[in-house]
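sequence plus the predicted model coming up.
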Amino acid sequence: MIDLDIFISYSRRDRERVNFMAKALEAEGYSVWWDRDLRAGEEFDNVIDKHIKQSKAIVVVWSNTSINSNWVKEEAEDGVIDNKLVPALIDEVTIPRGFRRIQAAELQDSSANPTQSKNWPVFLESIHNLAGEGQGADAGRAEMAAFGVPVTGEAATPQTTTGGDSGTPFWKRPITMAAAALAVVVAGFLTFQFGGMGGGSESARLAGVPTDKAIVLGIYPNESFGIQQSNGLKASLEGFPALMVQDLDAPISAMKTRDAPKVIEDLRAFLSERNVVAVIGPSITEFTPQVLEVIEESGQRPAIVLTTAGSRADLGWKDSDLPIFRVGSGVDERAAQFKELAERAISQGIGITFMIETNPESEAKTYGELFFDRVSEELGEARLANWTADGRVNTRDFIRGSINDAFSTPDQQALLDENRLIVIMGLSGDFKDLASGQFRGDQPARKAILASWNNSHQVQAVSEMTALQTGRLIDMTDVFESADYNGDKPEEIAQFESLFGPISPRWRLEAVAFDSGVIVKQAASEIEGKITADGLVAVLRSRSFNGVTGRIFFNSTGQNTGDAGGLQRFYNVSYDPSINGWREVGNLRNLMQ
């Protein structure tokens with residue numbers, strides 16, 4: 001029997017926060033099991049029960065959602081019975097009755113990243129008392145320091161974490177030697193049970209995936225926002241056994257450099273040997289053409305619900321005969337809306353600086369570069385050239401993941417004190433890094449405003465960790481609290497809110513992925529008999545759908561007429577921590593003042 005040090009019980013909605021805890025414990029040298037997404041049938045439940053029994057400590061993470069989870073309560077009960085429960089609070093909640101006699105580590109003072117809590121060392125001491133010292137703990141100190149986790153015995157000092165992207169499930173990421181043996185066993189089981197998670201032949205990858213099942217492939221990064229998208233998609237199809245979700249994922253860097261051969265191999269295998277009726281994603285613009293090419297070559301025509309923001313022109317949408325749809329906005333919609341914002345800023349005497357993402361490791365244009373190209377077309381080259389010539393508009397490149405390097409000198413810092421709109425054309429991590437690096441509350445008051453697209457989740461997450469100059473941060477989003485509906489709100493809204501919370505920019509990534517699954521589910525429910533790709537596409541083009549982001553409609557005539565379903569008018573919104581939400585921005589000049 002292989003001993004497992006720690007089993008973490010938690011609510012899927014808290015996966016990003018629990019990821020920080022799991023990483024920190026692994027860095028201490030412990031083997032950790034923590035991925036709830038793998039529950040699938042009685043046989044796998046038995047495997048989970050076995051690991052609960054083998055574990056030395058059961059960490060139960062109590063939050064706003066986990067206190068209502070029957071799974072979490074059952075696993076907490078196992079911890080009580082076996083006298084190895086280590087409870088941790090990450091929200092201000094009352095622990096369910098029956099589990100209150102054991103003192104919980106109070107980590108809610110750093111809710112967004114519990115490892116930054118002043119009580120994190122106390123929590124670790126409880127782990128040490130039950131599980132002993134982690135094997136290889138000394139070697140793990142450097143790994144802990146890399147993402148800002150205080151080591152055992154040191155005071156926990158709240159600090160801004162600039163590398164806080166959520167990690168991947170543990171069997172897919174580098175793990176400590178102490179966990180390696182367990183990971184091999186688990187990975188082998190998962191390959192057999194679920195397919196697509198291990199190397200080997202195509203038959204091995206597909207083992208355990210029924211040949212008669214309608215498959216929905218989700219293609220997204222296995223870190224950062226990809227976890228949020230995965231959560232949203234899977235949540236939308238819970239309780240609908242006619243469809244089975246299969247993840248195809250890889251690190252962001254691999255997808256952005258088109259170096260994710262495992263995803264491509266698995267995609268080919270599923271298209272060739274299984275009934276793939278829909279593909280949701282990919283969410284990385286640079287990776288999308290390769291995925292579309294593989295689908296084209298396969299001869300199969302599943303419904304492709306894109307979650308990338310890539311423009312139709314860059315994706316070859318018009319000339320493709322693939323049935324392509326999109327829920328949520330792409331850069332076409334965002335560029336058109338930005339034109340309005342830019343005109344408003346320039347007319348009010350406010351300059352604009354475009355911060356454009358670059359990636360030296362790839363010859364392909366980045367999402368940020370493609371976005372800027374589309375904005376340039378929308379504004380018109382002549383007008384943009386005039387604005388650039390007189391200094392009202394300028395551009396500044398940055399390397400993805402190193403955006404603060406673009407503000408490392410006094411001259412570069414001076415931009416922050418100008419009457420200027422700084423627009424980030426890159427990933428959400430870049431916006432988060434610049435906001436926490438240059439717009440913290442303990443820094444000089446900035447005159448410039450930092451603007452972004454669909455990064456509200458990052459604003460809130462960072463704000464919970466450190467004070468920001470939130471009045472200088474605005475976001476443009478197509479998901480807002482006041483989404484419009486025709487008639488009654490869909491029943492899916494209750495399902496979404498029970499898992500994530502009221503619809504808001506904070507949950508944009510989850511909401512768009514959720515609705516991508518919702519339209520597939522609603523269309524599939526109208527098909528009598530076997531669900532096929534052709535049948536699904538026909539229904540998608542035949543009517544509108546109710547989603548949590550609004551009413552979603554795809555034109556029924558011709559190829560590739562799917563539009564950004566659910567797209568309401570964009571909101572220019574500014575995060576206000578006093579209401580834990582967003583306010584619409586009207587006059588930019590007033591905001592500048």
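Received, thanks.

can you report how many residues lie near residue 323?
Residues lying near residue 323 (other CB atoms under 10 Å) number 24. C-beta coordinates here come from the backbone N, C-alpha and C atoms, glycine included.

should've said residue 449
Per other CB under 10 Å, the neighbour tally for residue 449 reads 24.

likewise residue 67?
17.

over to residue 466?
Residues near residue 466, counting by other CB under 10 Å: 18.

one more: residue 461?
By other CB under 10 Å, the residues close to residue 461 number 21.

for residue 473, which residues are in contact?
Counting by CB atoms under 8 Å, 6 or more residues apart in numbering, residue 473 makes contact with 435, 439, 449, 450, 451, 452, 459, 574, 575.

let's see it at 7 Å
Residues near residue 473 by CB atoms under 7 Å, 6 or more residues apart in numbering: 435, 439, 450, 459, 574, 575.

make a ChimeraX selection of the buried ones in these.
In ChimeraX syntax, the buried subset of the contacts of residue 473 is picked out as below (16 or more other CB atoms under 10 Å):
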select :435,439,450,459,574,575
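
in CSV: the contacts of residue 473, plus distance to residue 513.
Below are the contacts of residue 473 laid out as CSV (distance: CB to CB, whole Å):
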residue, distance to residue 513
435, 24
439, 28
450, 26
459, 20
574, 25
575, 22
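
narrow the contacts of residue 473 to those in helices?
Taking DSSP state H, the ones among those that sit in helices are 435, 459.

okay if I get the contacts of residue 473 as TSV plus distance to residue 118 and pLDDT?
Formatted as TSV, the contacts of residue 473 follow (distance: CB to CB, whole Å; pLDDT from 0 to 100):
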residue	distance to residue 118	pLDDT
435	24	92
439	24	93
450	29	91
459	24	82
574	30	77
575	25	77
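
host element of the closest residue to residue 258 other than its chain neighbours?
Closest residue in space to residue 258, ignoring its immediate chain neighbours: residue 290 at 5.4 Å, by CB to CB, 6 or more residues apart in numbering. Using DSSP states H and E, residue 290 falls within helix 288-298.

and the next helix or strand past that helix?
Using DSSP H and E, the helix or strand that follows helix 288-298 in sequence is strand 303-306.

isn't residue 105 right up against residue 122?
Yes: counting by CB atoms under 7 Å, residue 105 does reach residue 122; the two are 5.7 Å apart.

can you give me the neighbour number for the residue nearest to residue 258?
19.

now residue 208: how far from residue 340?
50 Å (CB to CB, to the nearest Å).

who's more crowded, those two?
residue 208 (18 against 12).

what is the end-to-end distance of stretch 229-242?
Its start and end residues considered, stretch 229-242 measures 21 Å (CA to CA, to the nearest Å).

quick one: what helix or strand has residue 385 in it?
helix 381-389.

confidence score at the residue lying farthest from the centre of the chain?
In the chain, the greatest distance from the average C-alpha position (CA atoms, centre = their mean) is reached by residue 390, at 39.3 Å. Predicted confidence (pLDDT) for residue 390: 93.

also residue 112?
So residue 112 comes in at 83 (pLDDT).

which SS class is it?
Following DSSP: H, G, I helix; E, B strand; the rest coil, residue 112 is assigned to coil.

roughly how far apart are it and residue 17?
Taken as CB to CB, the span from residue 112 to residue 17 is 7 Å.

same check, this time on residue 63
8 Å.

what is the burial count for residue 380?
Counted by other CB under 10 Å, the residues lying close to residue 380 total 11.

and stretch 464-474, what's buried?
Residues of stretch 464-474 classed as buried by neighbour count (16+ other CB under 10 Å): 464, 465, 466, 468, 469, 470, 471, 472, 473, 474.

now stretch 364-375, how far from the chain's geometric center?
The chain centre lies 21 Å from the centre of stretch 364-375; the measure is CA atoms, centre = their mean, to the nearest Å.

please save the CA atoms from that stretch in CSV.
Below are the C-alpha coordinates for stretch 364-375, written out as CSV (Å, rounded to 0.1, in the frame of the first residue of the first chain):
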residue,chain,number,x,y,z
ALA,A,364,3.2,33.4,-34.6
LYS,A,365,1.5,36.7,-33.7
THR,A,366,0.3,36.8,-30.2
TYR,A,367,-3.3,37.5,-29.1
GLY,A,368,-2.2,41.0,-28.2
GLU,A,369,-0.6,41.7,-31.6
LEU,A,370,-3.7,40.4,-33.4
PHE,A,371,-5.9,42.4,-31.2
PHE,A,372,-4.0,45.6,-32.0
ASP,A,373,-4.1,44.8,-35.7
ARG,A,374,-7.9,44.6,-35.5
VAL,A,375,-8.2,47.8,-33.5
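
show me where the stretch 451-593 of the chain has helices.
In the stretch 451-593 of the chain, the helices defined using DSSP state H, counting those that start in this stretch lie at 456-465, 492-499, 508-524, 533-540, 588-592.

same list (these) but as JSON lines, adding distance to residue 56.
Below are the helices of the stretch 451-593 of the chain laid out as JSON lines (distance: least, CB to CB, whole Å):
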{"stretch": "helix 456-465", "distance to residue 56": "30"}
{"stretch": "helix 492-499", "distance to residue 56": "30"}
{"stretch": "helix 508-524", "distance to residue 56": "33"}
{"stretch": "helix 533-540", "distance to residue 56": "47"}
{"stretch": "helix 588-592", "distance to residue 56": "53"}
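
out of those, which is closest to residue 258?
helix 508-524 (22.1 Å; CB to CB).

how about residues contacting that closest one?
By CB under 7 Å, 6+ apart, the list of residues contacting helix 508-524 reads 214, 216, 225, 228-229, 231-233, 235-237, 240, 242-243, 278, 280, 303, 305, 307, 327-328, 454, 456-457, 477, 479, 492, 496, 500, 503, 531, 536, 539-540, 545, 547-549, 552, 566.

in PyMOL, select just the buried ones from the residues you listed.
Buried residues within these, by 16+ other CB under 10 Å, are selected in PyMOL with:
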select buried, resi 214+216+225+228+229+231+232+233+235+236+237+240+243+278+280+303+305+307+327+328+454+456+457+477+479+492+496+500+503+531+536+539+540+545+547+548+549+552+566
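
and the contacts of helix 508-524, which of them are in strands?
If you go by DSSP state E, the contacts of helix 508-524 have 214, 216, 243, 278, 280, 303, 305, 327, 477, 545, 547, 552 in strands.

give the contact list for the residue sitting nearest the centre point of the chain.
Most central in the chain under CA atoms, centre = their mean is residue 225, positioned 1.9 Å from the mean C-alpha point. By CB under 7 Å, 6+ apart, residue 225 lies in contact with 428, 509.

distance of it relative to residue 458?
Distance, residue 225 to residue 458, by CB to CB: 9 Å.

repeat that for residue 397.
Relative to residue 458, and taking CB to CB, residue 397 is found at 21 Å.

same thing with residue 380?
Distance, residue 380 to residue 458, using CB to CB: 31 Å.

and for residue 268?
Counting by CB to CB - residue 268 and residue 458 are separated by 34 Å.

residue 254 - that's part of a helix, no?
Yes: Residue 254: assigned to a helix according to three-state DSSP.

excluding chain neighbours, what is closest to it?
Closest to residue 254 by CB to CB, 6+ apart is residue 260, at 4.4 Å.

before we move on, what SS does residue 318 have?
The assignment at residue 318 comes out as coil when based on three-state DSSP.
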